[in-house]
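K.L.:
Here is a sequence with its predicted model. Questions after.
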Amino acid sequence: MATFTVTVLGTGTSQGVPRIGCQCDTCTSTDPRDKRSRCSVYIQSPEASWVIDTGPDFRSQCLREGITKMDAALFTHAHTDHIMGFDDLRPFSYGRHRFPVYGSPETLSQLAQAFHFAFDEGARFPGYLHPDPRQVCGPFDLMGTEVVPLPLPHGSTQCVGYLFKREGRSLFAYLTDCKSVPEEVETLVRGVDYLVIDALREKPHPTHLSVSEALEVIERIEPGAAWLTHQCHEHRHADLEQRLPAGVRVAFDGLVLCSEC
């Protein structure tokens, strides 16, 4: 039986954990699960491999997990903690004419501004990463996997979550960087095997789900299993996880989720 594998590369908020200069219990913890690099996931299907977001820690995440193959990159939005490792896609583009890069029209436009030296034909160095921008405006096929984009409100920005399906079965949903989950998105992902969802901290935040808000969404979606991500340093992994209901856990860097497909 073939497998569909998700490796959680990073689970931290924009500053990562530990935060520079912070001496709190989480930032000084010796529990490796409290070391949270910037959010990203790596997905392997029987036909292809791809990443969702390339944050500032993307290079070290790839080295840590031994990643040597990448067929495409998907982006949720263009905030710096989700795109600033874009340049490190270069090793995966060697021998390719163009490298597929998926995102909303707004995200692709912002990527092209930030990395004009890659997207601009006149500025690109010979042999450099040649992005093939592909606008995400609805469901699409990614080398045998159906990808359903999920619009999510994130302050003044719209983030795109993703649902991955094989033969009609919902295997994995990734809902990061959102203040709420619209009812139509909940309907699309209801009953998914694995859900990874934004849960910044326990007290409310203006642009991210809190832990209690994420738990309310999870209760409505009823996934097979749920994992909280985009965590700040205001709680330790072990302390939060022991307070969570059955079926919900705290994601950590290096977590691997597998489904048969």
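P.N.:
Received it, and whenever you're ready, just let me know what you need.
K.L.:
alpha carbons only for contacts and neighbour counts from here, please
P.N.:
Fine.
K.L.:
where do the helices sit along the protein?
P.N.:
58-65, 80-83, 90-93, 105-114, 116-119, 183-189, 211-221, 237-241 (DSSP state H).
K.L.:
There's contact between S49 and T68 in this structure, I believe.
P.N.:
No: using C-alpha atoms under 8 Å, S49 is not in contact with T68; the gap is 9.9 Å.
K.L.:
hang on, the earlier thing: any idea which of the helices of the chain gets closest to A199?
P.N.:
helix 211-221 (4.8 Å; C-alpha to C-alpha).
K.L.:
Return the set of buried residues in that closest one.
P.N.:
When burial is assessed from 16 or more other C-alpha atoms under 10 Å, helix 211-221 yields the following buried residues: V211, E213, A214, L215, V217, I218, I221.
K.L.:
Kindly reformat these as JSON lines and extend each row with pLDDT and distance to P151.
P.N.:
Formatted as JSON lines, the buried residues of helix 211-221 follow (pLDDT from 0 to 100; distance: C-alpha to C-alpha, whole Å):
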{"residue": "V211", "pLDDT": "98", "distance to P151": "20"}
{"residue": "E213", "pLDDT": "98", "distance to P151": "18"}
{"residue": "A214", "pLDDT": "98", "distance to P151": "16"}
{"residue": "L215", "pLDDT": "98", "distance to P151": "19"}
{"residue": "V217", "pLDDT": "98", "distance to P151": "15"}
{"residue": "I218", "pLDDT": "98", "distance to P151": "17"}
{"residue": "I221", "pLDDT": "98", "distance to P151": "16"}
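K.L.:
closest to P182 among those?
P.N.:
V217 (9.6 Å).
K.L.:
Test my guess that that closest one contacts E183.
P.N.:
No: between V217 and E183 there is no contact under C-alpha under 8 Å: 9.6 Å.
K.L.:
Adding distance to K165, write the buried residues of helix 211-221 out as TSV.
P.N.:
Formatted as TSV, the buried residues of helix 211-221 follow (distance: C-alpha to C-alpha, whole Å):
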residue	distance to K165
V211	26
E213	26
A214	22
L215	23
V217	20
I218	19
I221	16
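K.L.:
What residues are bridge-paired with F140?
P.N.:
Residues in a beta bridge with F140, per DSSP bridges, are V147.
K.L.:
Quick check, F4 in contact with E47.
P.N.:
No: contact between F4 and E47 fails when scored by C-alpha under 8 Å: they sit 9.7 Å apart.
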